[in-house]
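1. Need a 3D model of the sequence below.
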Amino acid sequence: MGVGKTTVSKLLAAKLNREFIDIDEVIEKEFNLPVPEIFQKFGEKVFRDKEKELITRITKQEGKIISVGGGAFLQENIKNECLTNCTVIYLSISFENWKDRLSLIIDSRPVLQGKTLGEMEELFNKRKAIYANHHLQIEVDNKNPEEVVKEILIKGELKK
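-> Numbering: from 1, shown residues only. Next comes the predicted model:
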């Protein structure tokens, strides 16, 4: 979360002339609410169920670039679906660089609300471990989105 998935995905989709889908945006449109309000009003389970339904459907379609929320891979079946049907690109960032982005993302990330910096670091490290299975890892520290996309295009072999 906050690593630049959406920005990088949009740029990559444009370069490859593919459709870009941000799973969180689709969910927000369906509920007509921002993600934090969905969590607050309906709970995380409702959000995660919708996320699972969308990702399962969309990963079976060809030619899409999707951005999934940072917590999507908490669901083993979503992780397996993506690893089987997609090229999973893991954008890796150090905690130090991630902390610098915190002020930009904290209000829109329900899982960060009310947490201390230590608790956020624990969550950060837990999520890193969850994303250990992927097809391609790109380090994003000190790189702008265009540099990240260029590296993906050089290193990656993307599935249809």
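2. Please tell me I have it right and Asn85 contacts Thr59.
-> Yes. Using Cβ atoms under 8 Å, Asn85 is in contact with Thr59, at 4.3 Å. The way it works is simple: take the backbone N, C-alpha and C, and place the C-beta from them, glycine included.
3. Now the phi/psi pair for Glu19, please.
-> Main-chain torsions, Glu19, degrees, to the nearest 10: phi -80, psi 140.
4. helix or strand right after the lowest-mean-pLDDT helix or strand in the chain?
-> Sorting the helices and strands of the chain by mean pLDDT, DSSP states H and E puts helix 95-105 at the bottom, at a mean of 72. Next helix or strand after helix 95-105 toward the C-terminus (DSSP states H and E): helix 117-130.
5. tell me what that next one is packed against?
-> Judged by 3 or more Cβ pairs under 8 Å, 6 or more residues apart in numbering; DSSP states H and E, helix 117-130 is in contact with helix 95-105.
6. All the helices of the chain, residue numbers only.
-> 5-16, 23-31, 35-42, 44-58, 76-85, 95-105, 117-130, 145-155 (DSSP state H).
7. Lowest average pLDDT across the ones you listed?
-> Between these, the one with the least mean pLDDT is helix 95-105; it has a mean of 72.
8. roughly how far apart are the closest residue to Phe73 other than its chain neighbours and Lys29?
-> Once flanking residues are discounted, Phe73 sits nearest to Lys79: 4.4 Å by Cβ to Cβ, 6 or more residues apart in numbering. Distance, Lys79 to Lys29, using Cβ to Cβ, to the nearest Å: 24 Å.
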